[in-house]
Structure formats: C-alpha cells, structure tokens
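Student: Quick check, what structure comes out for this input:
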Amino acid sequence: MLIVPPAEIKRADTITNHFGLRSGNPYVIFAVGANWANKRWDLKYFAEIGDWLYNMNIVPVIVGNGAVDVQRAAEIESLMEIPPINLVNQTNLPQLTHIIKNSRAVIGGDTGIVHLAAGLKIPVVMLMGPTDANRNGAYGQPENSIEVDRPCRGCWKRACPKNLDCLENISPAQVKDKISAALENIPCNLT
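Tutor: Coordinates of the predicted model:
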C-alpha cells in the first residue's frame, strides 16, 4: 500500500487546481511516454480518445516527465478540440500517486505510470507491442491489456527491425471499448 503524506496531497491538489482540474471532475490519465519509442501509442490516437472523453464530461490529463513527454503532450494538445490538462513535469512521485489514485482510469503503454496505476487498483488500458502481456501486462487486470495484432508482437526489441510503428494497429475503437468497460460506473453518457 502506498501512503502519500498529507503535505504532498495538498501540493498535488494545488497543482491540479492551478492547471484547471477541479475537485470532483472525473478524469482519465494519459501516460504518453515510455523509455522505448516503440512502446508509445500514436499521438493522434490519444487526441481522438481525449476529444471522445471530453464529449462525456471526462477530463483527459496528460502525465509524464522529460523532454520527449513535453513534446508529445504539446502535439496532443494541438490535435485536440479542447486542450487536455497537461501535468508533464509538474509532479513528483507522491503527488503523481495521489493524482492517479483519484483518476477513473489510466491509458498508456508498458511503462511505470501504468504499472503504478494497476498497483493502486485503478483501471488501466495497457497498450502492448514489443513486450508480452503475459509477463508485463497490467497487474491484476489481464483483461485490460491490448496486444497489437502482429505476428512479431512480444519481440522484446527496443527498435523495430521491420521499421513498423509497433502500436499503430491498436485502434482508438479498441481503447474506447476497454475504457467504456472501466468507466461503466461513472454517471455519464458513454456513446
């Protein structure tokens, strides 16, 4: 069990409020980064999911750290009708833990933020390509891992020798189906 100190909870709430996320608003986290480029889902797909969530009165929130995640978040923002809440590089681990604990779900590749969410028993949609869902899938939520439909999935290569965009074949529709199932208890219209 992860315990977040009260001072970090207060800081996390101050940060989310500063960036426009109001207490009580349901939100879904986008973990847009990963150490391996081939574990990162297409930005236009994240943007499509973000617009879809906004249409259901659910706020998309981008988290991550580092220059690559900053760039990815900015590109997602530019593709969306209404920009998401962008918390990239704005939190430390305890603050991020508190923010994840209060989210409705987390979407992302095989990366630490998604694993943290699964460990916190937050519904996740884990997008899998070069790694194997049987080994690295969402802990306690095997039904929430989406493996790319390619014969080479689970290759464990950091770069594709075939020059494919590994996760490209995971469609927004597949993610919407998983998120809809995870969000079924939220009082909103899931159409």
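
Student: Okay, helices next: where are they in this structure?
Tutor: Along the chain, counting by DSSP state H, helices occupy 6-18, 43-54, 67-79, 93-101, 112-119, 133-136, 172-182.

Student: Can you give me the buried ones in stretch 93-100?
Tutor: Neighbour-count burial for stretch 93-100, counted by 16 or more other CB atoms under 10 Å, picks out P94, Q95, L96, T97, H98, I99, I100. C-beta here means a position set from N, CA and C on the backbone, and glycine is covered the same way.

Student: where in the chain is pLDDT low?
Tutor: Low-confidence segments of the chain (pLDDT under 70): 1, 38-39, 130, 133-137, 150-158, 160, 164-166, 185-191.

Student: which non-adjacent residue is nearest F46?
Tutor: Distances taken as CB to CB, 6 or more residues apart in numbering place I76 nearest to F46, at 5.0 Å, with adjacent residues excluded.

Student: Tell me, how many residues neighbour the one you found?
Tutor: Each residue near I76 was counted by other CB atoms under 10 Å, and the total is 24.

Student: Just the closest of the buried residues of stretch 93-100 to N86, please.
Tutor: Of all the buried residues of stretch 93-100, I99 has the smallest distance to N86: 12.7 Å, by CB to CB.

Student: pretty sure the closest one contacts I29?
Tutor: Yes: taking CB atoms under 8 Å as the definition, I99 is a contact partner of I29 at 7.3 Å.

Student: what's the distance between A74 and K162?
Tutor: Distance of A74 to K162, computed by CB to CB, to the nearest Å: 29 Å.

Student: what about the two, which has more around it?
Tutor: Legend: neighbour count by other CB under 10 Å for A74 and K162, higher for A74 (15 against 9).
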